[in-house]
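In: here is a sequence with its predicted model. Questions after.
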Amino acid sequence: GNSVTQMEGPVTLSEEAFLTINCTYTATGYPSLFWYVQYPGEGLQLLLKATKADDKGSNKGFEATYRKETTSFHLEKGSVQVSDSAVYFCALSGASNTGNQFYFGTGTSLTVIP
Amino acid sequence: EAGVAQSPRYKIIEKRQSVAFWCNPISGHATLYWYQQILGQGPKLLIQFQNNGVVDDSQLPKDRFSAERLKGVDSTLKIQPAKLEDSAVYLCASSLRPGGFYNEQFFGPGTRLTVL
């Protein structure tokens, strides 16, 4: 079946530190991969996506590369800001018995301190 | 472009009462999803509609939860009767169509339900 596993939080970093949030997946076929972000009090927003192997999604300084050989889609940012404090969800869109379905990880809470 | 609208934003009820949530997806989006997000967990799909037909409701507790999408636009999710473990944020999302590249989902702000 399809599933997503992401590193547990919470993660606390100082401003300008390097960020990595690990995400690995299990899927049948060729899923699309996504990172969503949830800022305090708001709904989920798409951060970036990749639809095939070796694709790199990027947005707002965040990057993630679709690695089929390691079934991973790790999120990275070179220099985090206080405004990046949020919960980050890795997700995949893959085949299920009833057609395509979204599968979310459990989320990783990030707090960036000045 | 208007986003996904949900109401109410917050609801507090006692167990065994009933509650309903409303969602208006982005105009033109054929696919609509309802998710349950329990504190500290990722969203769990409850039901997926394609236009006004149900595509997947395998994780919907049908003894107490129901959902409909009349006319293929707005949708309502109902819980009757509510249990303590139903306390969660209920998220509505929509996408242009299911599958592949176009399966990017747009989420509403959610309804936070507290069952006492």
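Out: It's in. Numbers count the residues shown, from 1 in each chain, chains lettered A, B, ... in the order given.
In: which non-adjacent residue is nearest the residue in chain A that chain B sits nearest to?
Out: For chain A and chain B, the shortest gap (Cβ to the nearest Cβ) falls at A:Phe104, measuring 3.5 Å. Every residue, glycine included, has its C-beta placed from N, CA and C. Distances taken as Cβ to Cβ, 6 or more residues apart in numbering or on different chains put B:Gly42 closest to A:Phe104, at 3.5 Å, once the chain neighbours are dropped.
In: A:Lys68: neighbour count?
Out: 12 (other Cβ atoms under 10 Å in any protein chain shown).
In: near chain A, which residues of chain B?
Out: B:4, B:33, B:40-45, B:48, B:55-56, B:58, B:91, B:93, B:98-101, B:103-110 (Cβ under 8 Å from any Cβ of the partner chain).
In: whichever of the residues you listed end up buried, select them in PyMOL.
Out: Buried residues among those (16 or more other Cβ atoms under 10 Å in any protein chain shown), as a PyMOL selection:
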select buried, chain B and resi 4+33+42+43+45+48+55+56+91+93+98+103+104+105+106+107+108+109+110
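In: so which of the residues of chain B next to chain A belong to strands?
Out: Under the assignment DSSP state E, the residues of chain B next to chain A contribute B:Tyr33, B:Lys44, B:Leu45, B:Gln48, B:Val55, B:Asp56, B:Leu91, B:Ala93, B:Phe106, B:Phe107 to strands.
In: any chance you could map the strands in chain A?
Out: With DSSP E as the criterion, chain A has strands spanning A:3-6, A:11-14, A:19-21, A:23-26, A:32-38, A:44-50, A:56-59, A:62-65, A:75-77, A:86-96, A:99-104, A:108-113.
In: and the residue of chain B nearest chain A?
Out: For chain B, Cβ to the nearest Cβ, closest residue to chain A: B:Gly42, 3.5 Å.
In: list the contacts of that residue.
Out: A:Val4, A:Phe89, A:Ala91, A:Phe104, A:Gly105, A:Thr106, A:Gly107 (Cβ atoms under 8 Å, 6 or more residues apart in numbering or on different chains).
In: mind putting these in CSV, neighbour count included?
Out: Formatted as CSV, the contacts of B:Gly42 follow (neighbours: other Cβ atoms under 10 Å in any protein chain shown):
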residue, neighbour count
A:Val4, 24
A:Phe89, 25
A:Ala91, 27
A:Phe104, 22
A:Gly105, 27
A:Thr106, 17
A:Gly107, 24
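In: check which helices and strands the worst-scoring helix or strand of chain B on mean pLDDT sits against.
Out: When each helix and strand of chain B is scored by mean pLDDT, DSSP states H and E, strand B:53-56 comes last, with a mean of 88. Helices and strands touching strand B:53-56, by 3 or more Cβ pairs under 8 Å, 6 or more residues apart in numbering or on different chains; DSSP states H and E, are strand A:99-104, strand B:44-50.
In: only the C-alpha atoms, please, for that strand, written as CSV.
Out: In CSV, the C-alpha atoms belonging to strand B:53-56 read as follows (Å, rounded to 0.1, in the frame of the first residue of the first chain):
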residue,chain,number,x,y,z
GLY,B,53,-20.6,11.1,-6.8
VAL,B,54,-18.7,9.4,-4.0
VAL,B,55,-15.3,8.1,-5.2
ASP,B,56,-13.9,6.8,-1.9
